[in-house]
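Undergrad: what would the 3D arrangement of this be:
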Amino acid sequence: MAKPWPAVALLAALVHASHGRIVHSGIPRTRQLNSQLVSDSAAQSAGAPGYILASAVWTGRLHEQLERGGLLLWKGLKRIKTTVVRQLTHNERLQPHVVVFMVGLPAAGKSKQIDMRYRSRNIPITVLDLDAEMVHHPAYDPKDPDLIYRQQEAWAWADARVESKFQEALLNKSYSRVVVDGTGTNIERQVRRMNEARDAGWFVKVLYVRVPVKTAIDRAILRTRRVSPERIIMYQAKISKALMIATRYADEVETVDSAYDAHQQVMLFTVDAGILASS
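TA: Coordinates of the predicted model:
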């Protein structure tokens, strides 16, 4: 009978000496071999030395580990490729037609971001804003702008106008950007509109303008139409969930920090007023 290869014999000796503790590439892998397979009695009944059976079992399991490792490596590379492709393609700047859903507290600076990013560029856009529709309501009083916001019928009227314009905008590919302004906290409506935009062939982006609650409250005091601190706090409680849902449905989510305080806001107003006066 031919003698086993020295390497196999050495492997069998290592397995026997370590009582089933296999060392591979310097990394111990505790794996208790089936005692019935490595026992001399079982080996004799099978007509082969115990160390050959042990090495066969170990080799088979090694192959399983290598196959499993190869599969995990392939999945990992595929996941990296998907991430890279997503980062390269899921970017607003590369898209010709984008619906941008604004998210943020009242007085967060959403309108400023819209002006800087979109209105200042020479691209065809439309901005959908419930507040802008409220101004056109028959009962709107410029001397008391808050009055209209206390009428539920006015809310429904303005919301219907925004919805109608949104549906029309989805069909109008002459627009490069459709911006939906608002707090983004009406999750059900937001998700529906995101799905409708994507189904219509638009890239869907969420632009979150982040600001501390205190800063938003301080800024709101300076606005013509003031929003109560309680209402701002109420919106803040909803925004985290709204963003979590948005990440599931948006192609891109971007966060912009807008954290200058009320004093800085007053200074900006003063500078803007000076520029307008001198022009």
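
Undergrad: any stretches of the stretch 151-279 of the chain with poor pLDDT?
TA: 260-279 (pLDDT under 70).

Undergrad: which residues of it fall in strands?
TA: Counting by DSSP state E, counting those that start in this stretch, the stretch 151-279 of the chain has these strands, from start to end: 177-180, 203-210, 252-257.

Undergrad: number of residues surrounding the closest residue to V103 other than its chain neighbours?
TA: Closest residue in space to V103, ignoring its immediate chain neighbours: G184 at 3.3 Å, by C-beta to C-beta, 6 or more residues apart in numbering. Where you see a C-beta, it was placed from the backbone N, CA and C, and this is true even at glycine. For G184, the neighbour count with other C-beta atoms under 10 Å is 25.

Undergrad: now G184: how far from H137?
TA: 22 Å (C-beta to C-beta, to the nearest Å).

Undergrad: can you check I232 too?
TA: On the measure of C-beta to C-beta, I232 and H137 end up 23 Å apart.

Undergrad: more neighbours, these two?
TA: I232 (21 against 16).

Undergrad: how near is the more buried one to D218?
TA: 10 Å.

Undergrad: next one: R189
TA: From R189 over to D218 (counting by C-beta to C-beta), the distance is 29 Å.

Undergrad: over to I148?
TA: 24 Å.

Undergrad: which of these two has more neighbours?
TA: Counted by other C-beta under 10 Å, I148 and D218 do not tie: I148 has more neighbours, with 21 against 18.

Undergrad: what's the burial count for A250?
TA: A250, neighbours per other C-beta under 10 Å, totals 25.

Undergrad: residues contacting the closest residue to it other than its chain neighbours?
TA: Spatially, and ignoring its direct neighbours in sequence, A250 is nearest to V206 (4.4 Å; C-beta to C-beta, 6+ apart). Neighbouring residues of V206 by C-beta atoms under 8 Å, 6 or more residues apart in numbering: V100, F101, V103, G184, L243, A246, T247, A250, E252, V253, E254.

Undergrad: spit out the contact partners of the residue nearest to V103.
TA: G184 touches F101, M102, V103, G104, Q190, V206, Y208, I239, A242, L243, A246, counting by C-beta under 8 Å, 6+ apart.

Undergrad: if you count neighbours, what's buried in stretch 184-201?
TA: Within stretch 184-201, the residues scored as buried using 16 or more other C-beta atoms under 10 Å are G184, T185, R189, Q190, V191, R193, M194, A197.

Undergrad: ranges for the helices of this structure?
TA: In the chain, the helices defined using DSSP state H lie at 6-17, 35-38, 40-45, 50-89, 110-114, 130-134, 152-170, 187-199, 213-221, 229-249, 262-278.

Undergrad: K165: which of the buried residues of stretch 184-201 is nearest?
TA: The shortest gap between K165 and any of the buried residues of stretch 184-201 belongs to R193, at 11.8 Å (C-beta to C-beta).
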